[in-house]
Structure formats: structure tokens, C-alpha cells
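> build me a model:
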Amino acid sequence: MNFRILAIDLDRTLLNDDHQISPQDAKALQEAAARGMHIVFASGRMSASVRRFPDSLGIDGPIISYNGALARESRACGDAVLLEIPLPARYADELIDYARAEHFHLNYYLEEVLYAREDADLRRFAEIYNSRTGSSYEFVSDLERFKGLSPTKIILLADASDPSHPNPRNRDEQYQFWKKRWGEEVNIVCTDPEYLEFMNPKATKGVALEAIARHLGVPREQVIAMGDGHNDTPMIEWAGLGVAVANAHLEVRDAADYVCGATNNESPVSEVLGVLAGLRS
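Numbering: from 1, shown residues only. Model prediction:
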């Protein structure tokens with residue numbers, strides 16, 4: 001099969017534990033792009049935070065950001081929006097009220113700006129997020145000014161859960177709380193240990209990848225998708241070849257067509273593209 005699109009997750013897939021792309025994977029991606037393969041970087045991050053990785057490699061192509069709530073064209077095509085599926089205002093408004101009443105930190109994403117309420121007691125969560133993604137904050141006195149609007153997504157940040165010491169304020173317990181309240185009405189995803197992400201239920205990396213493939217005129221049979229986390233499963237299931245890195249969650253490995261021998265610290269992209277090159281030869 002002549003694969004024409006490679007969609008790849010960033011954190012814990014392409015990026016190693018130092019948040020870097022290995023020289024081997026960088027070379028493999030550059031060579032694949034030079035051969036005409038479309039390289040699609042897919043992440044829960046904001047668009048600017050996603051885009052800096054292909055930029056660093058000299059690769060221009062579509063990107064998926066906000067876990068699929070937004071897809072953009074290449075820079076050469078004006079960075080145009082291909083797909084945008086925001087979180088309905090009524091859910092966003094309830095999260096704003098809840099976070100204020102229960103004293104939680106919210107990342108509120110609107111029109112490619114990251115907003116958060118200024119609160120010295122919660123600033124450590126903003127620092128955690130900034131240190132991992134490089135995304136800059138616009139701090140405001142309150143988020144109530146955004147009520148009635150539909151953000152691209154929202155993240156509630158809480159302390160990581162410890163199964164031996166349950167705490168209703170921790171991330172996993174907050175997931176159970178909101179999942180019980182909204183069920184499938186909202187796409188609720190646990191990503192990093194402190195992150196609880198809220199998106200439109202139609203917003204997934206799979207939906208965004210399908211929109212990009214359709215725009216490029218590439219059938220799903222010619223699409224590869226690589227990832228490690230639950231938020232990557234929709235694109236891994238949709239792609240013609242779904243790939244899980246060795247460090248992926250069990251459910252993700254079960255959903256994949258191919259499981260790498262390499263973890264995110266061992267250049268998994270080189271492995272996959274090397275295997276495909278061997279099959280072609």
C-alpha cells in the first residue's frame with residue numbers, strides 16, 4: 001500500500017520524555033515528507049504549540065490541535081481552518097461556575113487564546129501546563145465574561161490521583177464526577193495526569209483526520225495514524241493503518257493494527273517507516 005498521510009501524536013509518541021524529537025525520527029519524517037507523504041502533527045495542544053514542531057523540521061502540512069476540535073491547513077495554504085467543533089456554551093458556562101465555586105483551575109481556549117482566572121493559589125497548575133507545552137496564558141480577573149460563548153475546549157487541572165488515597169478533588173475522581181453528570185453529551189478525556197479535557201462529543205482526532213484526508217483527496221486506506229493515549233484511539237481506529245507505540249495504554253494497543261517495539265524514547269517513527277520501506281523493497 002502506498003501510504004500518503006502519516007498522522008502522529010506528539011506527547012509520549014513522537015516526543016521523548018524530554019519533550020524532544022529524536023534525530024532518527026526527525027530524519028525519517030523529513031525524508032518521508034521529501035518523498036511526498038503528508039505529515040500531520042496531531043495533539044491536544046493549541047495550534048501554535050503544535051505548529052512549532054513541524055516548523056523545526058522544515059515540514060509544512062495540516063495540523064490537528066485541541067484533540068481534534070480544530071484542524072488547520074498548511075502554512076502554504078494560509079493556515080486556513082478546515083474543521084472547528086467547539087464546546088457548546090451551556091457546558092462551558094457550567095464549568096466556569098463550578099471552577100469558581102469549588103476553586104479549580106480552568107484552561108479556557110477561545111479563538112486561539114488560552115485564558116485562565118488569575119489566582120495565586122492555583123498558579124502552579126498554569127506553570128505545569130506552560131512548562132510542558134510552552135503555551136502562554138492571558139490571565140483575567142474572572143472567566144464569567146466568556147459566558148454564552150463556545151470555546152474550542154476547556155481543561156480542568158487537578159492534582160494527579162493516587163488509588164491508595166482517593167480524593168474527590170483529584171483528576172480521576174473529577175473524571176468520574178463529570179462523566180456521571182454528562183455521560184456522552186461531552187467528550188471528556190483524561191490526558192496528562194493533571195488534565196481533564198472537555199470537548200464537543202463530535203470533536204476527536206479521528207474526525208479531524210478524516211476531514212484532512214478528505215481535503216487532500218486521500219482515502220483512509222492510505223492513512224497511517226500513530227499514538228499512545230486514549231485521545232489517539234479514534235484516529236488509530238479510523239486510519240488504514242493504526243499504530244500504537246510500545247508505551248501506549250493497553251486499550252490503544254488493542255485498537256491498533258501494529259504495535260511498535262519502540263517506545264517514545266526509542267524513535268518509533270523510524271521503526272514504522274523503516275518497516276514500510278522494507279515492505280516496499
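
> all strands of the stretch 51-200 of the chain, in order?
63-65, 70-72, 81-84, 105-110, 113-117, 138-140, 153-157, 187-190, 195-199 (DSSP state E, counting those that start in this stretch).

> and residue 131, how close does it get to residue 155?
15 Å (CB to CB, to the nearest Å). C-betas here are computed from N, CA, C, even on glycine.

> just give me the lowest mean pLDDT stretch among the strands of the stretch 51-200 of the chain.
Looking at these, the lowest mean pLDDT belongs to strand 187-190 (a mean of 93).

> what helices or strands is it leaning on?
When contacts are defined as 3 or more CB pairs under 8 Å, 6 or more residues apart in numbering; DSSP states H and E, strand 187-190 packs onto helix 171-182, strand 195-199.

> residues making contact with that strand?
Residues from elsewhere that reach strand 187-190 (CB atoms under 8 Å, 6 or more residues apart in numbering): 44, 67, 171-172, 175, 178-179, 182, 196-204, 230-231.

> deepest-packed of the strands of the stretch 51-200 of the chain, please.
Neighbour counts (mean count of other CB atoms under 10 Å) averaged over each of those peak at strand 63-65, with a mean of 29.

> need the residues that contact that one.
By CB under 8 Å, 6+ apart, the residues outside strand 63-65 that reach it are 7, 40-47, 49-51, 54, 70-72, 205, 208-209, 212, 235.

> partners of that strand, with directions?
Neighbouring strands of strand 63-65 in its sheet, by DSSP bridges, are strand 38-42 (parallel), strand 70-72 (antiparallel).

> what's the helix or strand for residue 276?
Assigned by DSSP states H and E, residue 276 belongs to helix 268-280.

> which strands or helices does that helix pack on?
Applying 3+ CB pairs under 8 Å, 6+ apart, one finds that helix 268-280 contacts strand 5-9, helix 23-34, strand 223-227.

> how far off centre is that helix?
Helix 268-280 has its C-alpha centroid displaced from the chain centroid by 24 Å (CA atoms, centre = their mean, to the nearest Å).

> name the residues of stretch 198-217 that come out as buried.
In terms of neighbour count (16 or more other CB atoms under 10 Å), stretch 198-217 has its buried residues at 198-200, 203-213, 216.

> meant to ask about stretch 141-158
Neighbour count says stretch 141-158 has 143, 146, 150-158 buried, by 16+ other CB under 10 Å.

> okay, that stretch in PDB with CA atoms only?
The C-alpha trace of stretch 141-158 is given here as PDB (Å, rounded to 0.1, in the frame of the first residue of the first chain):
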ATOM      1  CA  SER A 141      -9.900  38.500  36.800                       C
ATOM      2  CA  ASP A 142     -12.700  36.100  36.100                       C
ATOM      3  CA  LEU A 143     -14.000  33.800  33.300                       C
ATOM      4  CA  GLU A 144     -17.600  34.900  33.700                       C
ATOM      5  CA  ARG A 145     -17.100  37.400  30.900                       C
ATOM      6  CA  PHE A 146     -17.000  34.500  28.400                       C
ATOM      7  CA  LYS A 147     -20.300  33.100  29.400                       C
ATOM      8  CA  GLY A 148     -22.600  32.400  26.400                       C
ATOM      9  CA  LEU A 149     -19.600  31.800  24.200                       C
ATOM     10  CA  SER A 150     -18.400  28.400  22.800                       C
ATOM     11  CA  PRO A 151     -14.700  27.700  23.500                       C
ATOM     12  CA  THR A 152     -12.700  25.400  21.400                       C
ATOM     13  CA  LYS A 153     -12.200  23.300  24.500                       C
ATOM     14  CA  ILE A 154     -11.700  23.500  28.300                       C
ATOM     15  CA  ILE A 155      -9.200  21.700  30.600                       C
ATOM     16  CA  LEU A 156      -9.800  21.400  34.300                       C
ATOM     17  CA  LEU A 157      -6.400  20.900  36.000                       C
ATOM     18  CA  ALA A 158      -6.300  19.000  39.300                       C
END
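
> tell me how far that stretch lies from the chain's centre.
18 Å.

> for stretch 78-90, same thing?
Distance, centroid of stretch 78-90 to centroid of chain: 14 Å (CA atoms, centre = their mean).

> one more: stretch 61-76?
Stretch 61-76 sits 11 Å away from the centroid of its parent chain (CA atoms, centre = their mean).

> gap between the two ends of it?
8 Å (CA to CA, to the nearest Å).

> coming back round to it: counting only strands, which of the buried residues of stretch 198-217 make the cut?
Taking DSSP state E as the definition of strands, the buried residues of stretch 198-217 contribute 198-199.

> perfect, I'm done here.
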